[in-house]
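1. just the structure for this:
(one chain, ligands or ions: 1)
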Amino acid sequence: MTSPASTLPPVDLTARLADRARRMNASAIREILKVTQQPDVISFAGGLPAPELFPLEDVRRATETVLSKYGPAALQYSTTEGHLPLREWIAARDGISPANVQIVTGSQQGLDLLGKILINEGDVVLVEAPTYLGALQSFQPYGPRYVELPTDEHGIDTGALEDVLKAHPAKLLYAIPNFQNPTGRTLSLERRRRLLELTAQYGVLVIEDDPYGKLRFTGEELPSLYALGLEMVGGDPNRSHVIYSSSFSKTLVPGLRDAWVQAARPIIEKLVQAKQGADLHTPTLNQMIVAELVGDVLPRQVEIVKKAYGERAQDMMARLREHFPAGVDFTTPEGGMFLWVTVPEGIDTVPLLAQAVERKVAFVPGSPFYALGGGHNTMRLSYSSATPEQIDRGIRALGETIRAAME
Ligand code: PMP
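-> This is a model prediction of the structure:
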């Protein structure tokens with residue numbers, strides 16, 4: 001016997017999706033990058049922290065310590081704001097109160113929640129061209145209108161920023177001042193100050209995304225926008241127009257998903273509410289483990305990671321100079337995990353990737369990192385988890401691929 005329901009037409013599921021869901025799009029590069037996961041392909045695409053540097057034994061020991069020290073509380077629900085000792089440690093870095101710190105489940109969650117509490121449909125959000133693809137994905141469902149800010153080797157062009165601010169009533173500026181993903185570039189000190197003055201003058205909030213700041217392997221450390229912003233308001237975190245986001249993903253391990261946002265109370269209060277609705281709290285055990293490690297393991301780990309990435313970056317740049325044809329430019333990162341390559345106009349790096357994969361090497365094409373499209377002749381290379389042998393063979397093969405495309 002057939003049930004009456006089986007004679008009814010199926011519900012049109014896609015028609016039932018929210019407008020918000022319609023604004024989400026499958027990441028174009030995720031599809032392209034599937035081919036790069038074949039074991040014989042050398043991939044500079046991934047952008048993963050180096051797993052061989054993870055402090056496995058320290059995490060094992062910290063887990064045992066936490067379970068003994070806190071007992072069942074380590075496995076219980078906990079507060080939305082986050083584990084207090086961890087928030088205290090974070091707050092002390094900038095001399096602010098733990099009340100200005102919200103723990104989040106990866107800074108990716110921080111970006112999503114910030115989008116949720118700040119972006120109305122049609123709000124102008126200023127982003128670097130290019131910018132972090134994951135931020136675009138987080139903000140996109142909330143319906144922002146992106147305006148791109150031109151960048152050069154010193155980061156955002158603040159002259160152009162002023163013109164943009166005059167022309168558009170912007171709500172928010174999202175920036176990655178240190179060793180940007182995807183370009184590896186760093187915003188100069190002069191421009192940091194100018195960016196803060198201009199955004200304060202025009203009433204624009206700044207989200208400073210800084211997962212790589214501690215991973216500087218060369219050059220002078222620069223103050224964060226957040227720290228400079230605090231100076232501007234006499235050190236009062238509740239008057240700052242800068243929202244700071246950082247993470248333990250790149251300095252410690254990404255899999256614990258421990259990160260944070262620091263901001264003025266009106267922002268934090270809304271973040272707490274948004275996070276309650278999202279996941280109640282970041283896993284208790286993970287936060288306690290990280291709090292156990294920040295004292296001595298984290299600083300040691302930062303030194304280890306910086307040294308390794310510095311060597312890998314130097315190595316990759318030397319091979320780029322050796323194997324890439326004239327007319328190809330690349331950035332010189334002072335920290336972080338990425339560098340950015342610009343090939344001659346007219347070469348599109350999306351089809352180039354297919355040709356590179358035939359030669360057993362992969363990269364990420366640059367165009368998806370542009371909120372409004374463009375950048376077809378650019379690519380991102382990650383050196384963080386490559387061996388010298390892979391760098392040599394991979395860059396040589398990539399040079400050959402580019403040379404063939406130029407002919
Ligand atoms: N922001 C930027 C600029 C990133 O590069 C990343 C990681 N690729 C993130 C945020 C997200 O990091 P997580 O969620 O692991 O903290």
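
2. is stretch 309-329 in proximity to the ligand?
-> No - Stretch 309-329 lies apart from the ligand when judged by Cβ under 6 Å from any ligand atom; the minimum separation is 13.6 Å. No exception for glycine: its C-beta is placed from N, CA and C like everyone else's.

3. just the CA trace of that stretch, in CSV.
-> C-alpha atoms of stretch 309-329 as CSV (Å, rounded to 0.1, in the frame of the first residue of the first chain):
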residue,chain,number,x,y,z
TYR,A,309,59.1,29.4,8.9
GLY,A,310,61.9,32.0,8.5
GLU,A,311,64.2,29.4,7.0
ARG,A,312,61.5,28.0,4.8
ALA,A,313,60.5,31.5,3.5
GLN,A,314,64.2,32.3,2.8
ASP,A,315,64.6,29.1,1.0
MET,A,316,61.5,29.6,-1.1
MET,A,317,62.5,33.1,-2.0
ALA,A,318,65.9,31.9,-3.1
ARG,A,319,64.4,29.3,-5.3
LEU,A,320,61.9,31.8,-6.7
ARG,A,321,64.8,34.0,-7.7
GLU,A,322,66.6,31.1,-9.3
HIS,A,323,63.7,29.3,-11.1
PHE,A,324,61.1,31.9,-12.0
PRO,A,325,61.3,33.8,-15.3
ALA,A,326,61.8,37.6,-15.5
GLY,A,327,58.6,39.5,-15.3
VAL,A,328,57.2,37.5,-12.3
ASP,A,329,57.1,39.4,-9.0
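
4. quick one: mean pLDDT for that stretch?
-> What stretch 309-329 shows for mean pLDDT is 97.

5. buried residues in it?
-> Judged by neighbour count (16 or more other Cβ atoms under 10 Å), stretch 309-329 contains these buried residues: 309, 310, 312, 313, 315, 316, 317, 319, 320, 323, 324, 328.

6. could you do stretch 244-256 as well?
-> Judged by neighbour count using 16+ other Cβ under 10 Å, the buried positions of stretch 244-256 are 244, 245, 246, 247, 248, 249, 250, 251, 252, 253, 254, 256.

7. so which of the residues you listed comes closest to residue 403?
-> Within these, the smallest distance to residue 403 is 33.3 Å, found for residue 250 (Cβ to Cβ).

8. give me every residue that touches that closest one.
-> Residues in contact with residue 250 (Cβ atoms under 8 Å, 6 or more residues apart in numbering) are 49, 211, 212, 215, 305, 336, 337.

9. no further queries at this time; thank you.
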